[in-house]
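**Q** Let's see this in three dimensions:
(4 chains)
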Number of protein chains: 2
Amino acid sequence: MNNSVTLKDIAQALNLSISTISKSLNDSYEISVETKDRVLAYAKANHYSPNRMAKGLKEGKSRSIGVVVCSLDNNFVSQMLDGIDKYSTEKSYQIIIMQSKESHEQESACLSLLYAGGVDGILISPACENIDFSYLLSLQDNGLPIVLFDRLSDLIDTHKVGADNFKGAYDATVHLIENGYRNIAHLNTNTILSIATDRLNGYKQALSDHGIIFRDEFVRLCDYTDGLKLNHDLKEAINFYMSLAHRPDAIFTATDQITTRCLAILNNFNYKIPEEIAIIGFTNTDLADALSPSLSTVHQPAFEIGQLAAKQLISLIESRHKVEEFETVLLDTQIKVRSSTRNRLRS
Amino acid sequence: MNNSVTLKDIAQALNLSISTISKSLNDSYEISVETKDRVLAYAKANHYSPNRMAKGLKEGKSRSIGVVVCSLDNNFVSQMLDGIDKYSTEKSYQIIIMQSKESHEQESACLSLLYAGGVDGILISPACENIDFSYLLSLQDNGLPIVLFDRLSDLIDTHKVGADNFKGAYDATVHLIENGYRNIAHLNTNTILSIATDRLNGYKQALSDHGIIFRDEFVRLCDYTDGLKLNHDLKEAINFYMSLAHRPDAIFTATDQITTRCLAILNNFNYKIPEEIAIIGFTNTDLADALSPSLSTVHQPAFEIGQLAAKQLISLIESRHKVEEFETVLLDTQIKVRSSTRNRLRS
DNA sequence: AGCATTAAATTTACTGGTTAAGTGTGCATT
DNA sequence: AATGCACACTTAACCAGTAAATTTAATGCT
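**A** Next up, the predicted model:
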């Protein structure tokens, strides 16, 4: 099928040995300038390009990176992948993207396939369902470099790149407080990943710093593993909030999916935003301005997270010595104020 | 690094030859049941998995597919990739995704890399800038199976999978007419790909079938290669429409990006939708319901397009004989009516 | 002339897996 | 006893590269 030119073909055509061709193309000092020129000219004329698999087999590396994300069909994930792709392509690494669909089992299957496929390293944003890093740890023990991005965890020691979720949540909550909201609910996911706990803690800290009592019933954790289940949980949560004697006047939502779905549900129930209830949340949708009402958001530097994670991984792959000291980089989020949190003191 | 178990390791451990191990694992009739059992047990216990590169090198195929799209950071593209990934993973093919960013040059670079990388086939949604399929044709001549998806063209003869853009555009235009709109503008891209021409033709046909005169000044083609340029072109187009003595009362927009940006711009200019101007367009955003106003859309079966395209490609890859007869499959689009095209006759 | 040095190429071995061809053993047939 | 032939396994070649070890020929030096 793939009838491309090989070293053997060039060797036969020029009446030289295969290794002379190889060395010429690798600009070895052992080969005379004239021969090199002849080989290079022939190779160029016949569009020679080395066989990735042969090279990979020989060198024990593939110049490819495995990327595991929850889902491709997710705006925020796409933006991170874009960043990963940019840096990897620059460094001529191929990326192989796989989806866990939030299932721990499927995530393990992805990792097995990637490991068997001979990737040089793994970038992973663990599934929400994930509570067990033992498989990932065993891969790391086998010498496979791993970098966590976006969704971080203390259960594995390696480079990690994510957003400063604590600060993002803190800022969003403070923004609500400064605009006159005092009864702030919080919708989050039911995972143990830091992505959830950091945001919850940021929310709590902001309340406490402003002398607002934390109310347990204002926090609801939704199941993230399935879109339909999530929608159901969110509807239930909102109905619960609205049935309380002490009703919240604002919601801070913790993830991209929760935020946009929550807005849709509030609209659907015909609540007036922000008069009856304000909303701000983590989401990167570029449609925030066109939503009804325009949505205040906590914006994450998705592209940059991807880019930096790829950079960290490639540095691990290419470092000669075993790396023992790992770092965690948290990039700043940005509060984008729009109509869904309009100042209730002035209105 | 990747110190996984090889046939050699198993052979040494069990005091057998490498080929006995290979044949055992491939369930060859030449090997006794007892030996097979011993080998399988050892392989399983030690997590043996064949080296993808060695196998690929030997067999001359890699069980990987190259996918070239305009951009990862695009909702519609993500959904198609999701479909491609589902089918490919089922058939245990790896996908390698590359981005053309709408540049013909970069697209060629992607194709070169994929070809050199030894992919078994290519799925491509060509860059809008593309007017020259010679490189793709030369790859096809070299025996590489290629399937076009979403963005199709007559310049290459192969399997093609896309949406029925003519019908989608026709239906959208008829929907506007049936709701009382008579002065329907059309915003499209300036490419020669069928994605643009089919939609323009569907629009024209719907007008003519309803005895509405086609007005040249109602059609504007925008540059798609760059986000900022597109925004600029769209603003200009809308200002132009609104400055006309004979103003349009509805816009039919031809692509995902144009549709959502156009809505944002109309909101920004404070036009009342649909009272002053209605809008319907091709887009797959799941936020259509939460937009202001909720947006009538032409929905494409993105996931199914991806899935079917992958299926067609894998059938080409695995067919023993050279395929000479190619087919083009167009999947039905669906009009989703929301507030942005509310019936002006009743309001 | 004899020997060491050097340049420029070739031979060989290796990566991990597949497979055609070859080997030795035991059993049945003639 | 000789032949045939499954059976169960091993050897060796191959895929496309890389690189260490080796060959060959030419040159330099005493």
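**Q** which bits of the stretch 51-200 of chain A sit near DNA strand D?
**A** Residues of the stretch 51-200 of chain A found near DNA strand D (CB under 7 Å from any atom of the strand) are A:51, A:54-55, A:57-59. Every residue, glycine included, has its C-beta placed from N, CA and C.
**Q** Give me the buried subset of the residues you listed.
**A** A:51, A:54, A:57 (16 or more other CB atoms under 10 Å in any protein chain shown).
**Q** Name the nearest of these relative to DNA strand C.
**A** Nearest to DNA strand C out of these is A:L57 (CB to the nearest atom of the strand; 4.2 Å).
**Q** can I assume that closest one is in contact with B:M53?
**A** Yes. A:L57 is within contact range of B:M53, at 4.4 Å (criterion: CB atoms under 8 Å).
**Q** Contact partners for A:E327?
**A** A:E327 makes contacts with A:159-160, as judged by CB atoms under 8 Å, 6 or more residues apart in numbering or on different chains.
**Q** Assign A:V147 to helix, strand or coil.
**A** Secondary structure, DSSP: H, G, I helix; E, B strand; the rest coil: A:V147 is strand.
**Q** Apart from its chain neighbours, what residue comes closest to it?
**A** In this structure, A:V147 finds its nearest non-sequential neighbour in A:L313, 4.2 Å apart by CB to CB, 6 or more residues apart in numbering or on different chains.
**Q** what about the closest residue to DNA strand D within the stretch 201-347 of chain A, neighbour count?
**A** Using CB to the nearest atom of the strand, the closest approach of the stretch 201-347 of chain A to DNA strand D is made by A:R320 at 14.5 Å. Residues within reach of A:R320, counting by other CB atoms under 10 Å in any protein chain shown, total 5.
**Q** mind listing what it touches?
**A** No contacts exist for A:R320 under CB under 8 Å, 6+ apart.
**Q** would you say it is within a strand?
**A** No. A:R320 is assigned coil when assessed by three-state DSSP, not a strand.
**Q** Distance-wise, check the residue of chain A at minimum distance from chain B relative to B:H47.
**A** In chain A, the residue found nearest to chain B is A:S292; the distance is 3.2 Å by CB to the nearest CB. As judged by CB to CB, to the nearest Å, A:S292 and B:H47 stand 53 Å apart.
**Q** So if I had to pick from the two, which one is more boxed in?
**A** Neighbours per residue, other CB under 10 Å: of A:S292 and B:H47, the larger number sits with A:S292, 21 against 13.
**Q** need the contact list for that one.
**A** Per CB under 8 Å, 6+ apart, neighbours of A:S292: A:267, B:290-294.
**Q** what's the offset of stretch A:133-143 from the middle of its chain?
**A** Offset of stretch A:133-143 from its chain centre (CA atoms, centre = their mean, to the nearest Å): 20 Å.
**Q** how about that stretch: buried residues?
**A** Quick answer for stretch A:133-143 (16+ other CB under 10 Å): A:133, A:136, A:139-140.
**Q** Could you report the pLDDT at A:M1?
**A** Model confidence at A:M1, given as pLDDT, is 42.
**Q** same deal with A:K322?
**A** 83.
**Q** I'd like to know how far it sits from A:T328.
**A** To A:T328, A:K322 is 19 Å away according to CB to CB.
**Q** Likewise for A:G117?
**A** 28 Å.
**Q** again, but for A:L263
**A** If you go by CB to CB, the gap between A:L263 and A:T328 works out to 32 Å.
**Q** Show me which of the two is the more surrounded one.
**A** Neighbours were counted for A:L263 and for A:T328 using other CB under 10 Å; A:L263 has more, 26 against 14.
**Q** Helix or strand: which one has that one?
**A** For A:L263, the host element (DSSP states H and E) is helix A:256-268.
**Q** What is the burial count for A:V39?
**A** The number of residues packed near A:V39 is 24, by other CB under 10 Å.
**Q** list the contacts for it?
**A** Applying CB under 8 Å, 6+ apart to A:V39 gives the contacts A:10, A:14, A:16, A:20-21, A:24-25, A:31.
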